[in-house]
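> My questions are about this predicted structure, shown below with the sequence.
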Amino acid sequence: MSAQALSAYLKILRIIRDLQEEDNQNRGQSQGLEDLLNSQVREPVRVAQGRTRKAKKKVSAYHKKYSKEFKQLAPKFKKKNGSWKKDGFKRCAAAARKKARR
């Protein structure tokens with residue numbers, strides 16, 4: 001083991017010892033080295049903030065029609081490589097809304 005590795009190892013051991021002594025003073029009881037290491041390594045547990053999931057809204061008949069029309073019209077407003085033409089998305093959406101209203 002090189003001198004640098006040894007000094008780094010000793011530094012880590014000193015830090016662990018100091019943490020153990022500090023923790024013992026705060027708790028008023030002794031704690032094993034393994035427990036101390038595990039408490040330092042463990043990731044914090046996330047607690048739910050009491051949020052509940054909202055019920056999803058039912059998809060309307062209009063929206064189903066609109067999405068079907070949009071998917072059918074989209075290729076006409078796209079380039080060969082699949083990207084939208086200039087103002088293609090806007091024009092496709094407008095055409096789909098127009099068809100869905102009928």
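Here it is on my side, so go on. None of these values were measured; they are calculated from a predicted model.

> pLDDT of the longest helix along the chain, averaged?
The single longest helix within the chain, with elements called by DSSP state H, is helix 3-27. The average pLDDT within helix 3-27 is 82.

> buried ones in that helix?
Taking 16 or more other Cβ atoms under 10 Å as the basis for neighbour counts, the residues of helix 3-27 that come out buried are Gln20, Asp23. Every residue, glycine included, has its C-beta placed from N, CA and C.

> And that helix, what does it pack against?
Helices and strands in packing contact with helix 3-27 are listed as helix 33-41; criterion 3 or more Cβ pairs under 8 Å, 6 or more residues apart in numbering; DSSP states H and E.

> Mind giving me the packing neighbours of the helix or strand following the helix it packs on?
Using DSSP states H and E, the helix or strand that follows helix 33-41 towards the C-terminus is helix 61-73. In terms of contacts (3+ Cβ pairs under 8 Å, 6+ apart), helix 61-73 is packed against helix 88-101.

> what's the helix it packs on packed up against?
When contacts are defined as 3+ Cβ pairs under 8 Å, 6+ apart, helix 88-101 packs onto helix 61-73.
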